[in-house]
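Q: predicted model and sequence below, questions to follow.
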Amino acid sequence: MSEQRVALVTGASSGIGEAIVSRLTESGYSVFATGRDHARTSRLCERYPGIEIRIGDITDGDFCSSLIADCVGRFGRLDLLVNNAGITRDNLLMRMKQEEWDDVIATNLTGIYSVCKACLRGMMKAKKGRIINIASVVGVMGNPGQSNYAATKAGMIGFSKSLAREIGSRGITVNAVAPGFIETDMTARMPRQRKREAAERILLQRFGQPEEVAQVVTFLASG
Ligand code: NAI
């Protein structure tokens, strides 16, 4: 079995996920990347030779279980899981449709439940592993129009802390990273005025770059 460390990254086809893939491949990881969009996810193979991709939806529990089995089947192990896939469906709660609530919960929260659960047995047997969940500062501070999203990101933080307490003694760490506003497709959809106001509240007066989040993830994965 190869000694090269193996990482699984969800939502890898764009933004923060792709930056994480880029950093991890540079750092010598074998990367198993997943995304929902066929064309964008497939392009990763051209950019990062040697990576393995799977296209599917993390709201599908069977897909999540098969991901871990396929990753271990392909690379023989899984050292690092990065739960990065996530969506927004912004609306004021007064106007929020049930499906806008349900979609965000299913993707951002139930998705990490399914993927984490599927990887635990292998990591516990190996007595080591790293799980990193991409939460958001919105889960700590709140944001009008994002009660669904903030609930999932706050939930991810509680989930990560609880799971860390369950499996820390087995040599597995669980961390949540809570970035502020980052320049990706997700924030590109924000109205210009809201983006300007948000940037003014940031001490550096600018949105972060995906690579800055990827650096933190790589640091937490090391060791
Ligand atoms: P993005 O929209 O570029 O990337 C999201 C990724 O998740 C895409 O690859 C998409 O295909 C995937 N995805 C979404 N739903 C999925 C599903 N059901 N099944 C499989 N894959 C799915 O956005 P970005 O900004 O790169 O977001 C990545 C993560 O970072 C998300 O969890 C987001 O909540 C979080 N985040 C983003 C911030 C920002 O300002 N952009 C700030 C804080 C956290």
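A: Arrived safely. Numbers count the residues shown, from 1 in each chain.

Q: how far away is the residue nearest in space to the middle of the chain from residue 140?
A: For the chain, the residue nearest the mean C-alpha position is residue 84 (1.0 Å; Cα atoms, centre = their mean). Here the distance between residue 84 and residue 140 works out to 18 Å (Cβ to Cβ, to the nearest Å). C-betas here are computed from N, CA, C, even on glycine.

Q: what are the buried residues along the one helix or strand residue 165 maps to?
A: Here residue 165 is covered by helix 147-167, with elements defined by DSSP states H and E. For helix 147-167, a neighbour-count test (16 or more other Cβ atoms under 10 Å) marks 147-157, 159-160, 163, 167 as buried.

Q: Three-state assignment for residue 175, please.
A: strand (DSSP: H, G, I helix; E, B strand; the rest coil).

Q: partners of it in the sheet?
A: Listed by DSSP bridges, the beta-bridge partners for residue 175 are residue 132.

Q: would you agree it is in contact with residue 132?
A: Yes: contact status for residue 175 versus residue 132: in contact at 5.2 Å, counting by Cβ atoms under 8 Å.

Q: near the ligand at all, stretch 125-136?
A: Yes: legend: contact between stretch 125-136 and the ligand by Cβ under 6 Å from any ligand atom is shown at 134, 136.

Q: do the same with stretch 5-20
A: Yes: using Cβ under 6 Å from any ligand atom, stretch 5-20 reaches the ligand at 10-11, 13-17.

Q: relative to residue 96, which of those residues is nearest.
A: Of all these, the one with the least separation from residue 96 (Cβ to Cβ) is residue 11, at 22.7 Å.

Q: surely the closest one is within a strand?
A: No: with three-state DSSP as the criterion, residue 11 is located in coil rather than a strand.

Q: give the contact list for it.
A: Residues counted as contacts of residue 11 (Cβ atoms under 8 Å, 6 or more residues apart in numbering) are 17, 34-36, 58, 84-86.

Q: kind regards, and thank you for your time.
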